[in-house]
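*Asks:* Predicted coordinates and the sequence they were generated for:
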Amino acid sequence: MFVRYIQVTWYIPHSDYSREPSLEYIYRKQRFYTFLALRDLNTNVYQILKTVAWMMELSIQVLLLSGI
């Protein structure tokens, strides 16, 4: 079973920017689909048996404290 975890980038991935985290707020809303399908090996035709859809909404606020 393959499990994929969500990753959030905390900095802009570019050489001109420092590698220090600089984001204070992240909001992400995504929709995912997974299909259960079968393929006829003789005709190479796919048939979708089931579609599972879900949505993820993520909101993160980072509070910067002095001395950290």
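*Replies:* Thanks, I have it. Residues are numbered from 1 along each chain as shown.
*Asks:* Residue 26: neighbour count?
*Replies:* When counting by other Cβ atoms under 10 Å, one arrives at 13 neighbours for residue 26. To be clear about C-beta, it is placed using only N, CA and C from the backbone, and glycine gets the same treatment.
*Asks:* quick one: contacts for it?
*Replies:* 8, 58, 59, 60, 62 (Cβ atoms under 8 Å, 6 or more residues apart in numbering).
*Asks:* Partner strands of the helix or strand hosting it, with direction?
*Replies:* Assigned by DSSP states H and E, residue 26 falls within strand 25-40. Strand 25-40 has the following strand partners under DSSP bridges: strand 45-61 (antiparallel).
*Asks:* CA-only coordinates of the partner strand in PDB, if you can.
*Replies:* C-alpha atoms of strand 45-61 as PDB (Å, rounded to 0.1, in the frame of the first residue of the first chain):
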ATOM      1  CA  VAL A  45      -9.900  -0.700 -22.700                       C
ATOM      2  CA  TYR A  46     -10.300   0.500 -19.100                       C
ATOM      3  CA  GLN A  47     -13.500   0.400 -17.100                       C
ATOM      4  CA  ILE A  48     -13.900   2.500 -14.000                       C
ATOM      5  CA  LEU A  49     -15.700   0.500 -11.300                       C
ATOM      6  CA  LYS A  50     -15.600   3.000  -8.400                       C
ATOM      7  CA  THR A  51     -14.500   6.600  -7.900                       C
ATOM      8  CA  VAL A  52     -13.600   7.900  -4.400                       C
ATOM      9  CA  ALA A  53     -13.400  11.600  -4.000                       C
ATOM     10  CA  TRP A  54     -12.400  13.600  -1.000                       C
ATOM     11  CA  MET A  55     -11.300  17.100  -0.100                       C
ATOM     12  CA  MET A  56      -8.700  18.500   2.300                       C
ATOM     13  CA  GLU A  57      -8.700  21.900   3.800                       C
ATOM     14  CA  LEU A  58      -5.600  23.000   5.800                       C
ATOM     15  CA  SER A  59      -5.100  26.200   7.700                       C
ATOM     16  CA  ILE A  60      -1.900  26.900   9.600                       C
ATOM     17  CA  GLN A  61      -1.000  30.100  11.400                       C
END
